[in-house]
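Chemist: Quick one, what's the 3D model for this:
(one chain, ligands or ions: 1)
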Amino acid sequence: MSIKNNLLEIKSSLPENVTLVAVSKTKPVSDLVEAYKAGQRIFGENKIQEMADKFEQMPKDIEWHMIGHVQTNKVKFMAPFVSLVHGVDSLKLLEEINKQALKNNRIIDCLLQIHIAEEETKFGLDEAELNDLLQSDTFTNLKNIKIKGLMGMATFTENQDQIKKEFLHLKDIFDKFSILNPNFSILSMGMSGDYQLAIDCGSTMVRIGSSIFGTR
Ligand SMILES: *Cc1c(COP(=O)(O)O)cnc(C)c1O
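Modeler: Okay, the predicted model is just below:
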(Lines give C-alpha, C1' and ligand atoms only; values in the text may rest on other atoms or scores of the structure.)
Protein backbone atom coordinates (compact mmCIF):
# COMPACT_ATOMS: atom_id res chain seq x y z
CA MET A 1 0.00 0.00 0.00
CA SER A 2 1.20 3.52 -0.78
CA ILE A 3 1.10 6.46 1.60
CA LYS A 4 -1.55 7.99 -0.62
CA ASN A 5 -3.78 4.90 -0.52
CA ASN A 6 -3.36 4.49 3.23
CA LEU A 7 -4.26 8.11 3.76
CA LEU A 8 -7.31 8.08 1.52
CA GLU A 9 -8.57 4.85 3.05
CA ILE A 10 -8.26 6.18 6.60
CA LYS A 11 -9.79 9.53 5.67
CA SER A 12 -12.80 7.91 4.07
CA SER A 13 -13.40 5.94 7.27
CA LEU A 14 -13.42 8.99 9.56
CA PRO A 15 -16.65 10.75 10.54
CA GLU A 16 -16.88 14.35 9.33
CA ASN A 17 -16.27 15.89 12.75
CA VAL A 18 -13.00 14.00 13.30
CA THR A 19 -9.72 15.65 12.26
CA LEU A 20 -6.79 13.54 11.10
CA VAL A 21 -3.28 14.43 12.24
CA ALA A 22 -0.75 12.53 10.09
CA VAL A 23 2.04 11.62 12.48
CA SER A 24 5.23 11.85 10.41
CA LYS A 25 7.87 11.62 13.15
CA THR A 26 11.12 9.92 12.05
CA LYS A 27 9.89 9.81 8.44
CA PRO A 28 11.81 11.53 5.61
CA VAL A 29 10.49 14.71 3.99
CA SER A 30 9.81 12.74 0.79
CA ASP A 31 7.13 10.77 2.69
CA LEU A 32 5.53 13.99 3.92
CA VAL A 33 5.53 15.35 0.37
CA GLU A 34 3.68 12.23 -0.77
CA ALA A 35 1.04 12.75 1.91
CA TYR A 36 0.87 16.46 1.08
CA LYS A 37 0.26 15.65 -2.59
CA ALA A 38 -2.56 13.35 -1.51
CA GLY A 39 -4.17 16.34 0.19
CA GLN A 40 -2.96 16.07 3.79
CA ARG A 41 -2.35 19.44 5.45
CA ILE A 42 -2.02 18.54 9.16
CA PHE A 43 1.17 16.86 10.33
CA GLY A 44 2.19 15.77 13.82
CA GLU A 45 5.76 15.53 15.09
CA ASN A 46 7.13 14.67 18.52
CA LYS A 47 10.51 16.43 18.41
CA ILE A 48 10.68 20.19 18.10
CA GLN A 49 13.93 20.34 16.14
CA GLU A 50 12.73 17.75 13.63
CA MET A 51 9.43 19.59 13.22
CA ALA A 52 11.25 22.90 12.66
CA ASP A 53 13.50 21.31 10.00
CA LYS A 54 10.50 19.85 8.19
CA PHE A 55 8.60 23.15 8.49
CA GLU A 56 11.48 24.84 6.64
CA GLN A 57 11.38 22.31 3.82
CA MET A 58 7.65 21.86 3.33
CA PRO A 59 4.97 24.14 1.77
CA LYS A 60 3.69 26.86 4.07
CA ASP A 61 -0.02 25.97 4.10
CA ILE A 62 0.59 23.10 6.54
CA GLU A 63 -0.62 22.99 10.15
CA TRP A 64 2.14 21.64 12.37
CA HIS A 65 1.08 19.89 15.56
CA MET A 66 3.54 19.13 18.38
CA ILE A 67 2.30 15.83 19.82
CA GLY A 68 5.28 14.87 21.98
CA HIS A 69 6.49 15.91 25.38
CA VAL A 70 7.76 19.50 25.20
CA GLN A 71 10.96 20.67 26.84
CA THR A 72 10.62 24.22 28.10
CA ASN A 73 13.93 25.36 26.64
CA LYS A 74 12.89 24.31 23.12
CA VAL A 75 9.54 26.12 22.93
CA LYS A 76 11.14 29.11 21.22
CA PHE A 77 12.03 27.03 18.15
CA MET A 78 8.39 26.18 17.38
CA ALA A 79 6.67 29.33 18.64
CA PRO A 80 6.80 31.15 15.28
CA PHE A 81 4.81 28.51 13.40
CA VAL A 82 3.27 25.71 15.51
CA SER A 83 -0.54 25.38 15.15
CA LEU A 84 -1.41 23.18 18.11
CA VAL A 85 0.61 21.84 21.05
CA HIS A 86 -1.02 18.60 22.23
CA GLY A 87 1.07 17.54 25.20
CA VAL A 88 0.96 20.41 27.68
CA ASP A 89 0.95 19.14 31.24
CA SER A 90 2.26 21.92 33.47
CA LEU A 91 1.62 25.55 34.23
CA LYS A 92 5.35 26.22 33.91
CA LEU A 93 5.30 24.96 30.32
CA LEU A 94 2.18 27.01 29.56
CA GLU A 95 3.91 30.12 30.89
CA GLU A 96 6.86 29.53 28.57
CA ILE A 97 4.59 28.92 25.56
CA ASN A 98 2.73 32.12 26.44
CA LYS A 99 6.01 34.06 26.69
CA GLN A 100 7.28 32.83 23.33
CA ALA A 101 3.86 33.34 21.70
CA LEU A 102 3.90 36.95 22.90
CA LYS A 103 7.38 37.46 21.43
CA ASN A 104 6.01 36.25 18.11
CA ASN A 105 2.85 38.30 18.46
CA ARG A 106 0.73 35.16 18.33
CA ILE A 107 -1.84 33.24 20.32
CA ILE A 108 -0.81 29.59 20.42
CA ASP A 109 -3.50 26.90 20.71
CA CYS A 110 -2.79 24.14 23.22
CA LEU A 111 -4.33 20.94 24.54
CA LEU A 112 -3.78 19.82 28.11
CA GLN A 113 -2.60 16.24 28.39
CA ILE A 114 -4.52 14.08 30.83
CA HIS A 115 -3.03 10.95 32.33
CA ILE A 116 -5.48 8.13 31.62
CA ALA A 117 -3.16 5.12 31.17
CA GLU A 118 -2.06 2.66 33.80
CA GLU A 119 1.62 3.09 32.97
CA GLU A 120 3.47 5.44 35.29
CA THR A 121 5.63 6.66 32.44
CA LYS A 122 2.99 8.45 30.40
CA PHE A 123 2.85 12.18 31.03
CA GLY A 124 -0.23 14.12 31.96
CA LEU A 125 -2.39 15.73 34.60
CA ASP A 126 -5.07 14.10 36.66
CA GLU A 127 -8.50 15.66 37.03
CA ALA A 128 -7.67 17.53 40.24
CA GLU A 129 -4.48 18.97 38.75
CA LEU A 130 -6.40 20.02 35.64
CA ASN A 131 -8.93 21.79 37.82
CA ASP A 132 -6.23 23.56 39.85
CA LEU A 133 -4.43 24.68 36.71
CA LEU A 134 -7.54 26.11 35.06
CA GLN A 135 -8.56 27.89 38.28
CA SER A 136 -5.17 29.44 38.99
CA ASP A 137 -4.58 33.19 38.73
CA THR A 138 -1.37 32.55 36.82
CA PHE A 139 -3.31 30.69 34.15
CA THR A 140 -6.02 33.34 33.92
CA ASN A 141 -3.37 35.95 33.16
CA LEU A 142 -1.87 34.11 30.19
CA LYS A 143 -3.23 36.01 27.21
CA ASN A 144 -1.17 34.46 24.40
CA ILE A 145 -2.24 30.85 24.77
CA LYS A 146 -5.65 29.31 24.26
CA ILE A 147 -6.65 25.92 25.68
CA LYS A 148 -8.69 24.23 22.96
CA GLY A 149 -9.28 20.94 24.73
CA LEU A 150 -7.67 17.78 26.03
CA MET A 151 -5.35 15.03 24.83
CA GLY A 152 -4.68 11.56 26.18
CA MET A 153 -3.04 8.24 25.45
CA ALA A 154 -4.46 4.90 26.51
CA THR A 155 -2.42 2.10 28.03
CA PHE A 156 -0.40 0.07 25.51
CA THR A 157 -2.39 -3.16 25.77
CA GLU A 158 -4.45 -5.58 23.70
CA ASN A 159 -7.25 -5.31 26.25
CA GLN A 160 -9.96 -3.40 24.39
CA ASP A 161 -12.16 -3.10 27.48
CA GLN A 162 -9.39 -1.34 29.35
CA ILE A 163 -8.61 1.03 26.47
CA LYS A 164 -12.31 1.81 26.16
CA LYS A 165 -12.59 2.51 29.87
CA GLU A 166 -9.65 4.94 29.67
CA PHE A 167 -11.01 6.76 26.63
CA LEU A 168 -14.44 7.09 28.23
CA HIS A 169 -12.81 8.46 31.37
CA LEU A 170 -11.10 11.16 29.30
CA LYS A 171 -14.34 11.93 27.43
CA ASP A 172 -16.08 12.29 30.77
CA ILE A 173 -13.49 14.82 32.00
CA PHE A 174 -13.69 16.63 28.66
CA ASP A 175 -17.48 16.97 28.90
CA LYS A 176 -17.30 18.17 32.48
CA PHE A 177 -14.71 20.86 31.78
CA SER A 178 -16.28 21.91 28.47
CA ILE A 179 -19.18 23.39 30.38
CA LEU A 180 -16.90 25.90 32.10
CA ASN A 181 -14.48 26.40 29.21
CA PRO A 182 -16.25 27.47 26.02
CA ASN A 183 -12.97 27.26 24.05
CA PHE A 184 -12.90 23.49 24.53
CA SER A 185 -13.66 21.88 21.17
CA ILE A 186 -10.89 19.33 20.62
CA LEU A 187 -10.57 15.91 22.21
CA SER A 188 -7.34 14.39 20.87
CA MET A 189 -7.30 10.63 21.41
CA GLY A 190 -6.63 7.61 19.23
CA MET A 191 -3.61 6.33 17.31
CA SER A 192 -3.13 3.67 14.60
CA GLY A 193 -4.07 0.78 16.86
CA ASP A 194 -7.03 2.27 18.66
CA TYR A 195 -8.48 5.19 16.73
CA GLN A 196 -11.75 3.52 15.80
CA LEU A 197 -12.43 2.80 19.45
CA ALA A 198 -11.37 6.35 20.34
CA ILE A 199 -13.87 7.77 17.85
CA ASP A 200 -16.62 5.58 19.29
CA CYS A 201 -15.72 7.07 22.67
CA GLY A 202 -15.99 10.67 21.44
CA SER A 203 -12.61 11.60 19.96
CA THR A 204 -12.60 14.61 17.61
CA MET A 205 -8.93 14.36 16.60
CA VAL A 206 -6.91 11.22 15.85
CA ARG A 207 -3.11 11.07 15.63
CA ILE A 208 -2.17 8.36 13.13
CA GLY A 209 1.38 7.48 12.12
CA SER A 210 2.27 3.90 11.24
CA SER A 211 -1.04 3.11 9.48
CA ILE A 212 -0.22 5.92 7.04
CA PHE A 213 3.56 5.92 6.73
CA GLY A 214 4.39 2.33 7.72
CA THR A 215 6.21 1.06 10.79
CA ARG A 216 8.97 3.20 12.27
C1 LIG B 1 3.83 8.34 17.64
C2 LIG B 1 2.60 8.93 18.23
C3 LIG B 1 1.35 8.72 17.63
C4 LIG B 1 1.14 7.86 16.40
O5 LIG B 1 1.36 6.52 16.68
P6 LIG B 1 0.99 5.36 15.61
O7 LIG B 1 0.77 4.17 16.46
O8 LIG B 1 2.18 5.25 14.71
O9 LIG B 1 -0.22 5.79 14.88
C10 LIG B 1 0.25 9.32 18.21
N11 LIG B 1 0.35 10.08 19.32
C12 LIG B 1 1.54 10.30 19.91
C13 LIG B 1 1.58 11.16 21.12
C14 LIG B 1 2.70 9.73 19.41
O15 LIG B 1 3.87 9.95 20.01
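Chemist: Around the ligand, which positions in the chain sit nearby?
Modeler: Applying C-beta under 6 Å from any ligand atom, we find that the chain lies next to the ligand at 23, 25, 46, 67-68, 153, 191-193, 207-211. C-betas here are computed from N, CA, C, even on glycine.
Chemist: swap the cut-off to 8 Å and go again
Modeler: 21, 23, 25, 44, 46, 67-68, 86-87, 151, 153, 191-193, 195, 207-213, 215-216 (C-beta under 8 Å from any ligand atom).
Chemist: Of these, which belong to strands?
Modeler: Taking DSSP state E as the definition of strands, the residues of the chain next to the ligand contribute Val21, Val23, Gly44, His86, Gly87, Met151, Arg207, Ile208.
Chemist: beta partners for the last one?
Modeler: Right, Ile208. Judged by DSSP bridges, the bridge partners of Ile208 are Ala22.
Chemist: how much space between it and Ile3?
Modeler: According to C-beta to C-beta, to the nearest Å, Ile208 stands 12 Å off from Ile3.
Chemist: Throw the ones in strands among the residues of the chain next to the ligand into CSV and include pLDDT and neighbour count, thanks.
Modeler: Below are these laid out as CSV (pLDDT from 0 to 100; neighbours: other C-beta atoms under 10 Å):
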residue, pLDDT, neighbour count
Val21, 99, 25
Val23, 98, 26
Gly44, 98, 24
His86, 98, 28
Gly87, 94, 21
Met151, 98, 28
Arg207, 98, 25
Ile208, 98, 22
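Chemist: Taking those residues, tell me the two that lie furthest apart.
Modeler: Gly87 and Ile208 (16.4 Å; C-beta to C-beta).
Chemist: Helices along the protein, start to end?
Modeler: Along the chain, counting by DSSP state H, helices occupy 3-13, 29-37, 48-57, 75-78, 91-103, 127-135, 137-140, 160-180, 195-200, 210-213.
Chemist: Of these, which is nearest Ile116?
Modeler: helix 160-180 (4.3 Å).
Chemist: Give me the residues contacting the closest one.
Modeler: With C-beta atoms under 8 Å, 6 or more residues apart in numbering as the test, helix 160-180 has contacts from 114, 116-118, 127, 130-131, 134, 149-150, 152, 154-155, 157, 184, 187, 189-190, 194, 197-198, 200-203.
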